[in-house]
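Undergrad: build the 3D model from these lines:
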Amino acid sequence: MAKHGKRYTDILKKAPTAAVSLEEAVAFVKANASAKFDETVEVSFRLGVDTKKSDQTVRGTVNLPNGTGKKIRVIVFAAGQAAEEAKAAGADEVGYEELIEKVKGGWTDFDVAIATTDAMKQVRTIARVLGPRGLMPNPKTGTVTDDTAAAVKAAKGGKVDFRMDRAGNIGVLCGKASFSADQLVGNIQTIFDVVKAERPAAAKGTFIKSMTVSSTMGVGVRVLVKE
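TA: The predicted structure is shown next:
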């Protein structure tokens, strides 16, 4: 079992033991985010799905109304006009074969990878590098597209991808501790609505079993869930 420091233990002692409203959870997390840096706030869900069945996998994209508060590094696999448009939109690095070779060599210093439909033919050769890190471009998340400018702007704005892990859990970045309570509540409510809408048709019973809000160095606070 991991050992926690005195600061974490002190926060845990005063944390709510039962589920509370979203507003109360956010207020507690903000009040106890006392690290020397601006802590990231995350909302986590435990889903009522059968993780052994592929038709119950949950993944999607959500556009946060108040942004993420994080500088997102975006690369784009493209050539020609699509590459020029990606650069103009603010992509951190744009290229085709040479960029694929760079990633193939192990470089993954970025948060989002976007590819045009033509470039995907070659990008698939580095799936072993991108896939395990959740960086593989995918049409379902809007990262395989010929409108590279729009994709770059969305990624750098408030677009966040999420994907269920093998245990049926989802963790989604929802902002920074420095955000106002209203900004965090707005982002989290949007995330909740999008995750809820991704319920697989084959899922039975309660879909969102629990919801927890936490900060980087803080304690998770359970939120009352009303589906």
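Undergrad: so which helix or strand takes in F192?
TA: When elements are assigned from DSSP states H and E, F192 belongs to helix 181-197.
Undergrad: that helix packs against which elements?
TA: Applying 3 or more C-beta pairs under 8 Å, 6 or more residues apart in numbering; DSSP states H and E, we find helix 181-197 packed against helix 22-31, strand 40-47, strand 59-63, strand 159-163, strand 169-176, strand 208-215. For the C-beta atoms, the positions are set from N, CA and C on the backbone; glycine is no exception.
Undergrad: domain parsing of the protein, as residue ranges.
TA: What the record gives for the chain is the domain set 15-68+159-222, 74-156, from automatic domain parsing.
Undergrad: can you redo the ones you listed as CSV with mean neighbour count, mean pLDDT and distance to T9?
TA: Putting the domains of the chain into CSV (neighbours: other C-beta atoms under 10 Å; pLDDT from 0 to 100; distance: least, C-beta to C-beta, whole Å) gives the following:
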stretch, mean neighbour count, mean pLDDT, distance to T9
domain 15-68+159-222, 17, 94, 9
domain 74-156, 18, 95, 32
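Undergrad: next, format those domains as CSV and append distance to Y8.
TA: As requested, these are arranged in CSV below (distance: least, C-beta to C-beta, whole Å):
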stretch, distance to Y8
domain 15-68+159-222, 7
domain 74-156, 27
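Undergrad: out of these, which is closest to G5?
TA: Smallest distance to G5 across the domains of the chain (C-beta to C-beta): 9.0 Å, for domain 15-68+159-222.
Undergrad: can you lay out the helices and strands packed on helix 181-197 as a markdown table showing distance to L130?
TA: Converted to a markdown table, the helices and strands packed on helix 181-197 look like this (distance: least, C-beta to C-beta, whole Å):
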| stretch | distance to L130 |
| --- | --- |
| helix 22-31 | 32 |
| strand 40-47 | 22 |
| strand 59-63 | 15 |
| strand 159-163 | 13 |
| strand 169-176 | 19 |
| strand 208-215 | 27 |
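Undergrad: residues in contact with the helix holding F192?
TA: Counting by C-beta atoms under 8 Å, 6 or more residues apart in numbering, helix 181-197 makes contact with 22-23, 26-27, 29-30, 41, 43, 45, 58, 60-66, 158, 160, 162, 170, 172, 174-175, 179, 207-208, 211, 213, 227, all of which sit outside it.
Undergrad: before we move on, what about stretch 107-127?
TA: Judged by C-beta under 8 Å, 6+ apart, the contacts made with stretch 107-127 from elsewhere in the structure are 72-79, 82, 86, 91-93, 96-97, 100, 103-104, 129-130, 133, 135-137, 143-146, 148, 151-152, 155, 161.
Undergrad: so which of the residues you listed sit within helices?
TA: A82, A86, E97, I100, V103, K104, V129, L130, T148, A151, V152, A155 (DSSP state H).
Undergrad: what about stretch 87-106, start to end distance?
TA: One end of stretch 87-106 to the other measures 23 Å (C-alpha to C-alpha, to the nearest Å).
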